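Peer 1: 3D, please:
(6 chains)
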Protein chains: 4
Amino acid sequence: MARPKSEQKYDAIMQATLDLVIELGFHGLSMAKIAKRAGVATATIYVYFDNTEAILNQLYMDLKQLVAKDITQGYKPYMSAEEGFKIIWRNQFNSLVKYSKEYWFLDQFANSPYITNISREEGLRQFRPVLDFFKQSQENGEIKQMPIEILFPMFYAPLSSIARSVNAGHFEADSEAIDLAMGSSWASFKP
Amino acid sequence: MARPKSEQKYDAIMQATLDLVIELGFHGLSMAKIAKRAGVATATIYVYFDNTEAILNQLYMDLKQLVAKDITQGYKPYMSAEEGFKIIWRNQFNSLVKYSKEYWFLDQFANSPYITNISREEGLRQFRPVLDFFKQSQENGEIKQMPIEILFPMFYAPLSSIARSVNAGHFEADSEAIDLAMGSSWASFKP
Amino acid sequence: MARPKSEQKYDAIMQATLDLVIELGFHGLSMAKIAKRAGVATATIYVYFDNTEAILNQLYMDLKQLVAKDITQGYKPYMSAEEGFKIIWRNQFNSLVKYSKEYWFLDQFANSPYITNISREEGLRQFRPVLDFFKQSQENGEIKQMPIEILFPMFYAPLSSIARSVNAGHFEADSEAIDLAMGSSWASFKP
Amino acid sequence: MARPKSEQKYDAIMQATLDLVIELGFHGLSMAKIAKRAGVATATIYVYFDNTEAILNQLYMDLKQLVAKDITQGYKPYMSAEEGFKIIWRNQFNSLVKYSKEYWFLDQFANSPYITNISREEGLRQFRPVLDFFKQSQENGEIKQMPIEILFPMFYAPLSSIARSVNAGHFEADSEAIDLAMGSSWASFKP
DNA sequence: GATGAATGAGCCTTCATTCAT
DNA sequence: TATGAATGAAGGCTCATTCAT
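Peer 2: Okay, the predicted model is just below:
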């Protein structure tokens, strides 16, 4: 498990797992299907992972790293909190749309009994840069004082929810709608 | 002329299913486990439901009806939008805390492949009174104009997310914190 | 079981069973399906029959009586053996075609482990008039001497086999073909 | 590179299936029983076959090949049709007696809903040498002209029926009886 | 007599995992 | 390392039959 011999096989297993969970849900997953889709033998999977749970947790951490990358891209410390907020909001929204399937997996998995505490903590770590931005802005008095347990849901939950609606095709988010949502969200934080 | 179906057994099956999904997740569910927990024979479940999916969908609709009840309780038409918003917000928050497990189930199920369109639509119907409040207030110009697909996530998602944090014991929501969150949320809607 | 109260229900159960066996084979049969098809409750079937085996045996005997009726119709004692043979052969052939499904059932059932010795003997009894004809004709020296265990297969098996081929649509038996088969068969018996 | 499939297990499954069908009929068959009788785990059967139907069809084809072998053994092209007929008739009769159980299975299966068209065609192919003999003899004018759909039942059905009677112990076929039956059968074909 | 609910036993099939190669 | 065969356990579901009404 430590250092996989073939990176290609490791990747194939991860990709197959993600695809299958998206297609069939967690319930429809099985080692046999993963193996078939990945083009390896079932027993081979056990060379790379201890069991199903391990595959899913690894996938969770890999994806978390993938999607959380560059969320603060474009933000510069000299910017105003509002500017920064909007850049990060938009980045996050774009990420949610671009990686809709990955986010769906992350969300489902985070609420499943499979997830280990290690994965959960590792996952949270990815949000650190965003949290840093908010903490900094609060210290500057540019956004309202509120505990992180309120601030973060306030920022992330509607974003995620709207993006899901867009991804499901229930709603078309043109630039006007996005500006509206973003502005509306910013109003929650403006001091 | 034969034995009538037993309401008690129906309830036991529903309760057992809810408990088990909460304990083990959807993946850990099985007819045998439901039966054992409900104190009936496996085959008996099939007298009441066609299959696992049917049980879950029925549970979804039953719970949706249970938790969505009285969310607008205390709201009067002559109230200002802000007053109404705060009453409904608080009702919803209390409901989310009181029925935390039920909401967790509803949330997970709504994002699972088990849910049928019928259940989904039936579920949405329960939110009608809340939507009506918002629509009315928009017409009065008391809250900002925005499409329902933005408005609703903006209202519901942070609420749900904070309540989950509270229920998980990660955060203690004293009345001050609640006021803060509620006020912060209201800022998003204030014209 | 002795004297059924409702002849109508008895008939419905018999008919449903026959239809289902023909549609699904013995393997696909079940009390629940019979009940549904017959329009009665499952438990009701047990008022009329002890179990599945009893239904099938009764059906076997009923059908045996139905199809074997009038096989010797038209035969008169003063006729020559050849005349008699041809009348009976044709009757049997027509019967096999007319009651193709019933014969299929009888054949399958007679070779299944369901059949009891009582049913088997009762079934054989229906062939008595035909056997009598052959015995009589042998005594008259109009057909070859041979034991019944040869004579009967020689007469019945090809007939049945050809009819099955016709019923399956593999072969169209015009009057010429029938005369050919019948004549060919008669050659086996001619002294 | 893994363990190869075991011919021994394949054979054990086939043999167990044949034995069980003979003992209990198709209805009494089950994967669990086959597995137990064959001395393998239930799941192991699925390594070799897709499902019950596949087992039965394979068994059908295997047995068809076994029993149809050497039916024309001893026949030489220079022989008269009558000589050939009698050799083949006797071979077939001996085969029917020797492989009585196998023939019983083949017969039952061919009339069951399990059989696939592929199996049916494969089964017919085994009779080709016998059919060729008849066709050849008809062309030579040594046996009566009649369509194959009559000729074949005429030849095979009584043979099979008599053999069954012998196998069931209802009839002892001494050489005199056999000559009688064979001669009687030949009379049907003699021009 | 007639019914439909109730159930233990059984069905076929798939599962995660280990074993032999 | 990589593999596919092997399997005990578990899955969903149906069965014949009995029970309560």
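
Peer 1: got a list of contacts for the lowest-mean-pLDDT helix or strand in chain A?
Peer 2: Ranked by mean pLDDT, DSSP states H and E, the helix or strand of chain A with the weakest confidence is helix A:117-125, at a mean of 92. Contacts with helix A:117-125, where a contact means C-beta atoms under 8 Å, 6 or more residues apart in numbering or on different chains, come from A:57, A:60, A:61, A:64, A:106, A:110. Glycine gets a C-beta too; all of them are placed from N, C-alpha and C.

Peer 1: swap in stretch A:182-191?
Peer 2: Under C-beta under 8 Å, 6+ apart, the answer for stretch A:182-191 is A:81-82, A:85-86, A:89-90, A:93, A:141-144, A:151, A:154-155, A:158-159, B:144, B:146, B:150, B:154, B:184-185, B:187-190.

Peer 1: 10 Å instead, please
Peer 2: By C-beta atoms under 10 Å, 6 or more residues apart in numbering or on different chains, the residues outside stretch A:182-191 that reach it are A:81-82, A:85-86, A:89-90, A:93, A:134, A:137-138, A:141-146, A:150-151, A:154-156, A:158-159, A:162, B:144, B:146, B:150-151, B:153-154, B:158, B:181, B:183-190.

Peer 1: from the residues you listed, list the buried ones, please.
Peer 2: Buried residues within the contacts of stretch A:182-191, counting neighbours by 16 or more other C-beta atoms under 10 Å in any protein chain shown: A:81, A:85-86, A:89, A:93, A:134, A:137-138, A:142-144, A:146, A:150-151, A:154-156, A:158-159, A:162, B:144, B:146, B:150-151, B:153-154, B:158, B:181, B:183-189.

Peer 1: who are the neighbours in contact with residue A:126?
Peer 2: A:61, A:63, A:64, A:65, A:66, A:67, A:68, A:69, A:71, A:106 are the contacts of residue A:126 under C-beta under 10 Å, 6+ apart.

Peer 1: didn't residue A:99 look like it was pressed against residue A:70?
Peer 2: No - counting by C-beta atoms under 10 Å, residue A:99 does not reach residue A:70; the two are 11.4 Å apart.

Peer 1: between the two, who's got more neighbours?
Peer 2: A side-by-side neighbour count of residue A:99 and residue A:70, using other C-beta atoms under 10 Å in any protein chain shown, places residue A:99 first with 18 against 11.

Peer 1: stretch A:34-48 near chain D anywhere?
Peer 2: Yes - contact between stretch A:34-48 and chain D, assessed by C-beta under 10 Å from any C-beta of the partner chain, occurs at A:41, A:43.

Peer 1: residues in contact with that stretch: which ones?
Peer 2: Counting by C-beta under 10 Å, 6+ apart, stretch A:34-48 makes contact with A:1, A:4-6, A:8-17, A:19-21, A:23, A:30-33, A:49, A:51-52, A:54-55, A:58, D:1-2, all of which sit outside it.

Peer 1: show me which positions of it end up buried.
Peer 2: Applying a neighbour-count criterion of 16+ other C-beta under 10 Å, one finds A:34, A:35, A:37, A:38, A:40, A:45, A:48 buried in stretch A:34-48.

Peer 1: what ranges do the helices span in chain A?
Peer 2: With DSSP state H as the criterion, chain A has helices at A:7-24, A:31-38, A:42-48, A:52-68, A:81-98, A:100-110, A:117-125, A:128-139, A:148-167, A:175-189.

Peer 1: which parts of stretch A:67-75 are buried?
Peer 2: Neighbour-count burial for stretch A:67-75 flags A:67, A:68, A:71, A:72, A:75 (criterion: 16+ other C-beta under 10 Å).

Peer 1: wouldn't the first one be in contact with residue A:98 here?
Peer 2: It refers to residue A:67. Yes - at 8.4 Å, residue A:67 counts as touching residue A:98 under the criterion of C-beta under 10 Å.

Peer 1: which bits of chain A sit near chain D?
Peer 2: Taking C-beta under 10 Å from any C-beta as the contact definition, chain A meets chain D at A:41, A:43.

Peer 1: how is chain A divided into domains?
Peer 2: If you go by automatic domain parsing, the domain ranges for chain A are A:7-50, A:71-189.

Peer 1: give me the below-cutoff pLDDT ranges for chain A.
Peer 2: Counting by pLDDT under 70, chain A contains low-confidence ranges at A:1-4.

Peer 1: can we see that at 50?
Peer 2: For chain A, the stretches flagged by pLDDT under 50 are A:1-3.

Peer 1: residue of it nearest DNA strand F, please.
Peer 2: Closest contact between chain A and DNA strand F, by C-beta to the nearest atom of the strand, is at residue A:43 (2.3 Å).

Peer 1: now do that residue against chain B, distance only.
Peer 2: 23 Å (C-beta to the nearest C-beta, to the nearest Å).

Peer 1: now residue A:92
Peer 2: With C-beta to the nearest C-beta as the criterion, residue A:92 and chain B are 14 Å apart.

Peer 1: just the contacts of stretch A:34-48 that are near chain B?
Peer 2: A:23, A:52.

Peer 1: show the buried residues in the contacts of stretch A:34-48.
Peer 2: Buried residues within those, defined by neighbour count using 16+ other C-beta under 10 Å: A:9-10, A:12-14, A:16-17, A:20-21, A:31, A:33, A:49, A:52, A:54-55, A:58.

Peer 1: of all these, which two lie farthest apart?
Peer 2: Farthest pair in the buried ones among the contacts of stretch A:34-48 (C-beta to C-beta) is A:9 and A:21. Separation: 18.7 Å.

Peer 1: around DNA strand F, pick out the residues from chain A.
Peer 2: A:5, A:6, A:9, A:40, A:41, A:42, A:43, A:44, A:46, A:47, A:48 (C-beta under 7 Å from any atom of the strand).

Peer 1: which of these lies closest to residue C:116?
Peer 2: Nearest member of the residues of chain A next to DNA strand F to residue C:116, counting by C-beta to C-beta, is residue A:42, at 49.6 Å.

Peer 1: now render the buried residues of stretch A:67-75 as JSON lines, adding distance to residue D:115.
Peer 2: Output for those, formatted as JSON lines (distance: C-beta to C-beta, whole Å):
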{"residue": "A:67", "distance to residue D:115": "54"}
{"residue": "A:68", "distance to residue D:115": "59"}
{"residue": "A:71", "distance to residue D:115": "63"}
{"residue": "A:72", "distance to residue D:115": "68"}
{"residue": "A:75", "distance to residue D:115": "71"}
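
Peer 1: wait, doesn't residue A:161 sit right on residue B:151?
Peer 2: No - using C-beta under 10 Å, residue A:161 is not in contact with residue B:151, being 11.0 Å away.

Peer 1: contacting residues around residue A:109?
Peer 2: The neighbours of residue A:109, taking C-beta under 10 Å, 6+ apart as the test, are A:21, A:26, A:56, A:57, A:59, A:60, A:63, A:64, A:115, A:119, A:120, A:123.

Peer 1: show me what stretch A:160-172 is in contact with.
Peer 2: Stretch A:160-172 has contacts (C-beta under 10 Å, 6+ apart) with A:92-101, A:103-104, A:107, A:153, A:173, A:177-178, A:181-182, A:185, B:111, B:147-150, B:152-158, B:160-161.

Peer 1: buried residues, that stretch. List them.
Peer 2: Here stretch A:160-172 shows A:160, A:161, A:162, A:163, A:164, A:165, A:166, A:167, A:171 as buried, counting by 16+ other C-beta under 10 Å.

Peer 1: tell me which two of the contacts of residue A:109 sit farthest apart.
Peer 2: Longest span within these, C-beta to C-beta: A:21 and A:120, 18.0 Å.

Peer 1: between the buried residues of stretch A:67-75, which is nearest residue B:128?
Peer 2: Of all the buried residues of stretch A:67-75, residue A:67 has the smallest distance to residue B:128: 34.5 Å, by C-beta to C-beta.

Peer 1: ramachandran coordinates for the closest residue to that closest one other than its chain neighbours?
Peer 2: Here the nearest residue to residue A:67 in space, its sequence neighbours aside, is residue A:99; by C-beta to C-beta, 6 or more residues apart in numbering or on different chains that works out to 4.6 Å. The phi and psi torsions at residue A:99 (degrees, to the nearest 10) take the values phi -110, psi 50.
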